[in-house]
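Undergrad: The amino acid sequence is not available; the structure is as follows:
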């Protein structure tokens, strides 16, 4: 029984069939309730069958957004269904990343689709606004560029998005914030539109509402991200941001962080990580306003200074309560605030910071106490932070402080010289309370902690920047020396001291970072400074020791070994003939002790070293630690650029002739001219002087000769005048004779010309007569041809008339016979057979006649073809004949039809019909039956 019931049960409906039915119902339904029910059904299948639902009902679902926008329940269901399609079940067999792209393409292909979603933002209801924002976010994730264009093009599209930031409901507001963050990174046009929708004020208001930087959650971080997107590389937005006073709001936020930190309750430990992330983000925004080389950077620097941001940043930098990352970021921001701005660099040097108490800062350089706390100059504080030994955990702070010091004097020659002189004076006096750059570089190795190789490294970097591309600073540093000659001590220059420290570092196998620091300093100092090169070569053992150290440490310290070879190349490039080690001897030393191939190989390896090659992409911070626990920071950015720019020049230096010295202009004095070249030029000048004296003596002799020749010339001139008069007389007589001969010749030429003209006229007359005769003959021939053509046309017309008469006569005879046959059929049935035979004979005669006519017609056609070539009128005659013949054929066809009907009637009357007639009749019937089928 159950089997019977199962067999009678309807077939099971699959999910695909159900989706198809629901899609059709959604498409064809006219009532709102029916469409809503269909959408609810599709929503239940969207999670597991996203591709089927999308392919069958996506366009109808999108159409519902425009058609049923006023019905909250329907719109909510539609939006939920579309969101499910963007996020299907991962276990679904139809789940694929391509579905999101397909859905996004369908939305972005028509502007109305995005506009419909933006229209829903006008609704005060929560779910339509939230779901539409989420849906636009999904579309923007799949097709960001198209979505940006559609939102910009839509009427009030950006305004509606930004207005959602004022929504009191956090879910909708945060979703709009995330959507703006996703839309603004790459579109400068969208950034401008968003900014001018009062986005900056709304962002700051949202940050304050969320608890500012200290107590703000991820929402504050998203606000800062949006703010960074709107300001990054957008000069227009930065100018607008500055003009509406938002820079002061950044300072207020930083000040609020300091106040919260210094309050009695302080900041909870659980809030510090998010607080630090928010502060780091705000400092990054400040740095976006201070991009080096950007158009609006100077104005932004001045605005930040006037807003006291620099004081707040220094507060963060020297406050031990903040993490290392925040302090390092604050110092980097401080460096960007003053870099390249001479006015701010000078003002920055006058700032004071408290010693160990970050409660207050002042710009007064004369006050020693601030709020009861002792203060110190900011540069001294930065030098102390940079050059004093410190644990590795503070490396990022020290490196950022070093960058801040470099930003203080870089590009300002006055400050640069002042810092250098102050360091020299402090080193000579030995009374500095803070570490001195020169003291750190020149002091014995035993006097500092060997566990901190970055102390001499940072001192070397600072000195490198003080001397780099500044000939005056190099001259000042070159005058520094160690030792007192009056007391019998050996006097060693600053350059030689650094070289000795470098060689000792190789021998004692010190950390490679120390050696690299010395090498950076020497390379930048000796480049394009022959005086410093000569001072370096004053210690004869330095070159050989450096070559030996580079060869021995080529594997264990490849970077230092490569830079040593680079330094040797600089020394040779800028050495001279008068150097302590002459240029030719230095070249032989490099070739014999090192070798050209080894020189090129070491420099090539240096250029391929990942530390140098990938410097721009490697992070320069403490997080990139090596096995020794020290950061993998070896080089300075400016030095890396210097090496890459001058690499090819130093690589080719080994092949330059020792007799050629490189020309270097330093302080307006050109150095490095080849002495051999000067000697050769002097010899050439002496030779030219002797030659000039010989030429002067020869010139005196030539003047005497010229005077004698002038006297001879006068005599020759007088005799020439007499001879000229005689020749003139002869010429006049010859001229008269020539005129007479010319007249006689002209008369003869005129007579010949007249005779030729008469001959030409006679020939022209003869030609005219011949032409007239030829024209008459041609006209006569043309008339004959015309008459012959007219006669042929007349014959053709007669032939056509004769054919027409024959056809008319045959037609009349046949009609008369048919009438007679009809009368006989009515009166007597017995005579039908005879008359039929008679009609058949007549038909045969007509067929013969038709054949004859066709033969005649073919002949007429051939004649027509021949006549058509000669005369156009024959074509008209042929067409008329053809028309008449076609009419005759139609008449003959009608006669044949009547004949067939007569046979059928005889057969219907029971009269016998011959077999030939039957077969013909069967064939006619078959033709009649086939004709409709062919039709």
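TA: Thanks, I have it. Please read all numbers here as calculations on a predicted model, not as lab measurements. Residues are numbered from 1 along each chain as shown.

Undergrad: So what's the gap between stretch 268-278 and the chain middle?
TA: Stretch 268-278 has its C-alpha centroid displaced from the chain centroid by 41 Å (Cα atoms, centre = their mean, to the nearest Å).

Undergrad: how many other residues sit next to residue 486?
TA: 5 (other Cβ atoms under 10 Å). From N, CA and C alone the C-beta is placed, and that goes for glycine too.

Undergrad: any idea how far it lies from residue 216?
TA: Distance of residue 486 to residue 216, computed by Cβ to Cβ, to the nearest Å: 67 Å.

Undergrad: now residue 662
TA: Relative to residue 216, residue 662 is positioned 60 Å away (Cβ to Cβ).

Undergrad: Show me which of those two is the more surrounded one.
TA: Set residue 662 next to residue 216 and count neighbours by other Cβ under 10 Å: residue 216 wins out with 24 against 19.

Undergrad: Look up the closest residue to residue 164, ignoring the ones flanking it.
TA: residue 176 (3.6 Å; Cβ to Cβ, 6 or more residues apart in numbering).

Undergrad: Provide the secondary structure category for the one you found.
TA: helix (DSSP: H, G, I helix; E, B strand; the rest coil).

Undergrad: Can you report how many residues lie near it?
TA: So residue 176, with other Cβ under 10 Å, has 24 neighbours.

Undergrad: same thing with the one 5 residues further on?
TA: Number of residues near residue 181 (other Cβ under 10 Å) recorded here: 18.

Undergrad: buried ones in the strand or helix carrying it?
TA: Residue 181 belongs to helix 170-183 when assigned by DSSP states H and E. Neighbour-count burial for helix 170-183 flags 172-183 (criterion: 16 or more other Cβ atoms under 10 Å).

Undergrad: Out of those, which comes closest to residue 482?
TA: Of all those, residue 181 has the smallest distance to residue 482: 59.0 Å, by Cβ to Cβ.

Undergrad: That closest one: what's it in contact with?
TA: 222, 225-226, 229 (Cβ atoms under 8 Å, 6 or more residues apart in numbering).

Undergrad: What is the burial count for residue 799?
TA: Neighbour tally, residue 799, other Cβ under 10 Å: 15.

Undergrad: got it, and the one 3 residues further on?
TA: Using other Cβ under 10 Å, residue 802 has 11 neighbouring residues.

Undergrad: That one - that's part of a helix, no?
TA: Yes. Residue 802 forms part of a helix when assessed by three-state DSSP.

Undergrad: What is the next helix or strand after the helix holding residue 181 packed up against?
TA: Along the chain past helix 170-183, the next helix or strand (assigned with DSSP H and E) turns out to be helix 188-194. For helix 188-194, the helices and strands in contact under the criterion 3 or more Cβ pairs under 8 Å, 6 or more residues apart in numbering; DSSP states H and E are helix 144-153, helix 157-163, helix 218-231, helix 235-243.

Undergrad: per-residue confidence averaged over helix 188-194?
TA: Throughout helix 188-194, pLDDT has a mean value of 95.

Undergrad: how about the helices in the stretch 651-800 of the chain?
TA: Secondary structure of the stretch 651-800 of the chain, counting by DSSP state H, counting those that start in this stretch: helices at 675-827.

Undergrad: middle-most residue in the protein, spatially?
TA: residue 186 (13.9 Å; Cα atoms, centre = their mean).

Undergrad: dump the residue contacts of that one.
TA: For residue 186, counting by Cβ under 8 Å, 6+ apart, the contacting residues are 144-145, 148.

Undergrad: List the contacts of the closest residue to residue 591 other than its chain neighbours.
TA: Spatial nearest neighbour of residue 591, excluding adjacent residues (Cβ to Cβ, 6+ apart): residue 654 at 7.8 Å. Residue 654 is in contact with 569, 572, 587, 590-591, 596, 599-600, counting by Cβ under 8 Å, 6+ apart.

Undergrad: For residue 654, give its distance to residue 236.
TA: 53 Å.

Undergrad: Quick check: next helix or strand after the strand or helix carrying residue 276?
TA: Assigned by DSSP H and E, residue 276 belongs to helix 272-288. Under the assignment DSSP H and E, the closest C-terminal helix or strand after helix 272-288 is helix 297-306.

Undergrad: how about that following helix: buried residues?
TA: 297, 300-305.

Undergrad: what's the closest of those to residue 322?
TA: Ranked by distance to residue 322 (Cβ to Cβ), these are led by residue 304 at 19.6 Å.

Undergrad: okay, that closest one: pLDDT?
TA: 95.

Undergrad: Quick one: residues contacting it.
TA: 247, 250-251, 286, 289-290, 310, 337.

Undergrad: Pick out the most distant pair among those residues.
TA: 251 and 290 (14.1 Å).
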